[in-house]
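# Starting from these lines, generate the structure:
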Amino acid sequence: MEEEQKANVRAVDRALDILLCFTDATDLGLSEIASRLSLHKSTVHRLLATLENKGFLIRDVQTEKYRLGFRVWELSANLSQNDDPAILLLPEMERLRDLVEETISLYVRDGNERIRVQAVQSKQPIRRVAPIGARMPLAVGASSKVLVAYAEPYILQEVISDPNWPDYVNKESFIEQLDQIRKQGFATSVEERELGTAAVAVPIFNRNGQLVASIAASGPSNRLTPEKMSQYAPYIMEAAYRMGKMMK
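Predicted coordinates:
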């Protein structure tokens, strides 16, 4: 009985891993999924059949590739708008986008990564496109530094001890930057993660004073200069304050 329970839990875990493959892909084939998860095709095929039967995946009969099914959207429709920052803060993000005329992104920390949970694209012809759901390391980027600077001290230790820490980022310099961020209330980055891009980010604290997210403006580095970022920082901080008052 115990072995059977373990097998059931393992199957559920693998099925969820399959669904998570679609966070950065629109459609995937059997071989692609099996390769990503390092599982046998026969195992993946059985799980795909179950997920398809339950409506979580749809299989294209012509390409033999899978995409997310309508059951996923039914579940997402039941997210509470009162608790989901991606929905709750969207109007404020749109106002901030119109004010600074750059792409606005909302990030939350998940382990040693950050996830973009909402984005409002700039209306400028040349802009930074920010895909929702993207995961990024906490070692680089303005929002990463904000999420570490204002987190509990043990989070910093976990981040800098991560075996995936990039070799090109000096840990001592990183820690020094966090001290400066806490003093000035915002973080900046220029081409830390992507060539030709820059960003300025600030923390969002809820009504209890807890760090819940970071909000960032990003754009081409030749337009979003250090001077511009310093100019925009107070606007972003004001928006972050209003956002925080909306969150429990």
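
# tell me the contacts of the spatially closest residue to residue 137 that is not a sequence neighbour?
Among residues not flanking residue 137 along the chain, residue 113 sits closest, at 6.1 Å (C-beta to C-beta, 6 or more residues apart in numbering). (Glycine included, C-beta is placed from N, CA and C.) If a contact means C-beta atoms under 8 Å, 6 or more residues apart in numbering, then residue 113 has 135-138 as its contacts.

# Just name the shakiest helix or strand of this structure by mean pLDDT.
The element with the least model confidence among the helices and strands of the chain, by mean pLDDT, DSSP states H and E, is helix 70-77, at a mean of 77.

# Pull the residues that contact that helix.
Counting by C-beta under 8 Å, 6+ apart, 19, 54-56, 58 sit against helix 70-77.

# Same question for stretch 153-160.
109, 112, 138-139, 148, 165, 171, 174-175, 178.

# Would you state the helices of this protein in chain order?
Ranges of helices in the chain, per DSSP state H, are 2-20, 30-37, 41-53, 70-77, 85-88, 90-100, 142-149, 153-160, 171-184, 226-245.

# nearest to residue 193, of the ones you listed?
Each of those was checked against residue 193 via C-beta to C-beta, and the shortest separation belongs to helix 142-149, namely 8.5 Å.

# ok, back up a step: can I get the helices of the chain in JSON lines including mean neighbour count and distance to residue 131?
Formatted as JSON lines, the entries for those read as follows, by neighbours: other C-beta atoms under 10 Å; distance: least, C-beta to C-beta, whole Å:
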{"stretch": "helix 2-20", "mean neighbour count": "12", "distance to residue 131": "15"}
{"stretch": "helix 30-37", "mean neighbour count": "16", "distance to residue 131": "18"}
{"stretch": "helix 41-53", "mean neighbour count": "15", "distance to residue 131": "23"}
{"stretch": "helix 70-77", "mean neighbour count": "11", "distance to residue 131": "17"}
{"stretch": "helix 85-88", "mean neighbour count": "17", "distance to residue 131": "13"}
{"stretch": "helix 90-100", "mean neighbour count": "17", "distance to residue 131": "15"}
{"stretch": "helix 142-149", "mean neighbour count": "27", "distance to residue 131": "14"}
{"stretch": "helix 153-160", "mean neighbour count": "14", "distance to residue 131": "23"}
{"stretch": "helix 171-184", "mean neighbour count": "13", "distance to residue 131": "25"}
{"stretch": "helix 226-245", "mean neighbour count": "17", "distance to residue 131": "21"}
